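[1] below are the sequence and a predicted model; questions follow.
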Amino acid sequence: MLLLLGGFLVLMLLGVPVAIAMAASSLVYILVSGVTPDVTLAQRMIAGVESFPLLAVPFFILAGNLMNIAGVTGRIYKFAVALVGWMRGGLGHVNIIGSVIFSGMSGTAIADAAGLGTIEIKAMKDHGYSTEFSVGVTAASATLGPIIPPSLPFVIYGMMANVSIGALFLGGLIPGVVLTLLMMITVSYFAHKNKWGSDTPFSWPQIGSAGLEIVIVLSFPLAIWLMVMAGLSINVAVVIGLGTLLAIDWYFDFSAVMALMAPVILIGGMTLGWFTPTEAAVAAVIWSLFLGLVRYRTMTLQTVAKATFDTIETTASVLFIVTAASIFAWLLTVSQAAQTLSDWVLSVTQNKWVFLALANVLILFVGCFIDTTAAITILVPILLPIVLKLGIDPIHFGLIMTLNLMIGLLHPPLGMVLFVLARVAKLSVERTTVAILPWLVPLMLALIAITYIPELTLWLPKYMGLSK
């Protein structure tokens, strides 16, 4: 066990990429200990990605890339401006609401930061906001991506913990709302402190138009459900629903109706049991292509090819981490490391609330050094047995782990959102880190609330019958 963990830590300190560090330390441990034939390394790594739920990963990544080139991000931004731009500190609120909407398409914090972040930071700087404030609110709002469904970390966690991915998606909705409100309160605080005004004039027609678009889009899953209850097949109901929406959009020219349909199709469809997360991801890709090629005509074969190659590159890096982490996690189990840690933790405390406090500290620390996917794959086999022994719901723990790791994305030395926004805003990593610090307050408050009020996570999955 010490050879495995020690080798991994040494390689990480030497700057070896995390996936290679896990695979190399695993191979050395197998060769030295002889615990299993060396061919097991390849077998376990391949088995780590032979999972149907993991098919959702490349499709969600592709959907996010296609949404960017389809011009959807710009339409989402304009819609958010109409909705909340009239408030004090308007573009700060727009930044958060835009991330809420975009999170229903991308499922990753990095896609959110890179996609909307470019538009949001430039617009805020043009309106006189400091670069630091613009970067801070963009970084904080990017953490909403993996909390509000769909979410790639939830897919990985659900596969590792053997829990319903649909239940995890539903469990993220209310915590996502809590996070959104806390961030908007923070923007309001800065607006009051700095005496900021609104960035667009208050307009009842704009508010009415934005509100009507929300009503039209959110009525889509309800309308399909009613048609299915009336005896129509799901396929016929979907075709009728989409046809009606297309007619409304073309007649009234609501720019956000089609853009907002992606998160509604994904979340509503999975909630009502129309399709699995993988099927939802495929639907998101098809919808993105429809918007870019047919509705907005902003895509070309070249841009689609570029998005596809970018997806292949990102997917390869993610799944390589999953394969390496799968053999590493398996060896931790075989070497009794997980059992040893479990016994030690249970000897220290058998109070689940104390354990959750300790787990938060551990996951926050790990999230600052290890990639999200690798952290989930390593930590779940170690911590899940303790979680189950203490009677903690694994869906609740999945939200806690994901939010901790999202906060880790904002910190050096590995915080990918930190580096993405530093590049976008042309700021040093040091200044970007300082800009993000005030936004840790709402994030930590949300983490405490989600940790110690389990019903924030569990009420909706229980109500929809996806959790006990």
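    Good, I have the coordinates.
[2] enumerate every residue touching Ala325.
    Neighbouring residues of Ala325 by CB atoms under 8 Å, 6 or more residues apart in numbering: 19, 22, 48, 373-374, 377-378. Every C-beta, even on glycine, is put in place using the N, C-alpha and C of the backbone.
[3] what about Val380, helix or strand, and which?
    Following DSSP states H and E, one finds Val380 within helix 372-389.
[4] now Gly6
    Here Gly6 is assigned to helix 2-13, by DSSP H and E.
[5] for the helix or strand following that helix, buried residues please.
    Counting by DSSP H and E, the next helix or strand C-terminal to helix 2-13 is helix 18-33. The neighbour-count check on helix 18-33 (16 or more other CB atoms under 10 Å) flags 18-19, 21-23, 25-26, 28-30 as buried.
[6] tell me the one of those residues nearest Val420?
    Using CB to CB, Val18 comes nearest to Val420 of the buried residues of helix 18-33, at 17.6 Å.
[7] burial measure for His192, as a count.
    By other CB atoms under 10 Å, 11 other residues sit near His192.
[8] look up the closest residue to it, ignoring the ones flanking it.
    Nearest non-adjacent residue to His192, counting by CB to CB, 6 or more residues apart in numbering: Arg88, 7.1 Å away.
[9] give the helix, strand or coil label for the one you found.
    coil (DSSP: H, G, I helix; E, B strand; the rest coil).
[10] go on, Gly231?
    Looking at Gly231 with three-state DSSP, the answer is coil.
[11] which phi and psi does the residue nearest to the spatial centre of the chain have?
    Centroid check for the chain by CA atoms, centre = their mean gives Pro146 as the closest residue, at 1.4 Å. Pro146 adopts backbone torsions of phi -80, psi -10, taken as degrees, to the nearest 10.
[12] the nearest residue to it once chain neighbours are set aside: neighbour count?
    Closest residue to Pro146 apart from its sequence neighbours, by CB to CB, 6+ apart: Pro153 at 4.7 Å. As a burial measure, Pro153 scores 25 neighbours (other CB under 10 Å).
[13] also Ile240?
    14.
[14] pull the helix or strand with minimum mean pLDDT from the chain.
    Lowest mean confidence among the helices and strands of the chain (mean pLDDT, DSSP states H and E): helix 257-271, at a mean of 70.
[15] helix or strand right after it?
    helix 277-290.
[16] now the helix or strand just after that following helix: buried residues?
    Per DSSP H and E, helix 277-290 leads on to helix 301-334 as the next helix or strand towards the C-terminus. Using 16+ other CB under 10 Å as the test for burial, helix 301-334 gives 303-304, 307, 310-311, 314-315, 318-332, 334.
[17] quick one on the thing from earlier: the helix holding Val380 to helix 18-33, inter-axis angle?
    Relative orientation of helix 372-389 versus helix 18-33 (axes from the mean of the first three to the mean of the last three CA atoms, to 10 degrees): 60 degrees.
[18] roughly how far is helix 372-389 from the heart of the chain?
    Mean-position distance between helix 372-389 and its chain equals 18 Å (CA atoms, centre = their mean, to the nearest Å).
[19] rewinding a little: isn't the residue nearest to His192 up against Ser198?
    Yes - in this structure Arg88 lies within contact range of Ser198 using CB atoms under 8 Å: 6.0 Å.
[20] help me confirm that Gly367 comes into contact with Leu405.
    Yes - using CB under 8 Å, Gly367 is in contact with Leu405, at 4.2 Å.
[21] redo the contacts of Ala325 as TSV? Include pLDDT and distance to Thr118.
    Compiled in TSV, the contacts of Ala325 are given as follows (pLDDT from 0 to 100; distance: CB to CB, whole Å):
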residue	pLDDT	distance to Thr118
Ala19	83	28
Met22	86	33
Gly48	76	34
Thr373	83	24
Ala374	82	27
Thr377	84	30
Ile378	84	32
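[22] so which of the residues you listed wins on neighbours?
    Of the contacts of Ala325, with other CB under 10 Å as the count, Met22 tops at 31 neighbours.
[23] that older thread, find residues that contact each of Gly367 and Leu405.
    Ala375.
[24] if we can go back for a sec, make a markdown table from the buried residues of helix 18-33 and add distance to Ala446 to it.
    Listed next are the buried residues of helix 18-33 as a markdown table, based on distance: CB to CB, whole Å:
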| residue | distance to Ala446 |
| --- | --- |
| Val18 | 27 |
| Ala19 | 30 |
| Ala21 | 31 |
| Met22 | 30 |
| Ala23 | 35 |
| Ser25 | 35 |
| Ser26 | 35 |
| Val28 | 40 |
| Tyr29 | 38 |
| Ile30 | 41 |
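[25] which ones are touching Ile76?
    Taking CB under 8 Å, 6+ apart, one finds 98, 101-102, 116, 256, 259-260 in contact with Ile76.
[26] between those, which sits nearest Leu55?
    Phe102 (22.2 Å).
[27] ok, that closest one touching Gly145?
    Yes - at 7.3 Å, Phe102 counts as touching Gly145 under the criterion of CB under 8 Å.
[28] going by residue numbers, what spans are helices in the stretch 51-200 of the chain?
    With DSSP state H, counting those that start in this stretch, the ranges of helices along the stretch 51-200 of the chain come out as 56-69, 72-84, 90-106, 109-126, 131-142, 152-161, 165-171, 173-194.
[29] identify the residues contacting the longest one?
    Read it as helix 173-194. 87-89, 92-93, 96-97, 100, 103, 133, 137, 140-141, 143-144, 147-149, 196, 267, 399, 403, 438-439, 441-443, 445-446, 449-450, 456-457, 459-460.
[30] and that helix with helix 131-142, angle?
    Using the same axes, to 10 degrees: helix 173-194 against helix 131-142 is 170 degrees.
[31] rounded mean pLDDT for helix 173-194, please.
    Mean per-residue pLDDT for helix 173-194: 93.
[32] quick check, distance from that helix to the centre of its chain.
    Worked out by CA atoms, centre = their mean, helix 173-194 lies 19 Å from the chain centre.
[33] buried stuff in it?
    If you call a residue buried by 16+ other CB under 10 Å, then helix 173-194 has these buried ones: 173-176, 178-180, 182-184, 186-188, 190-191.
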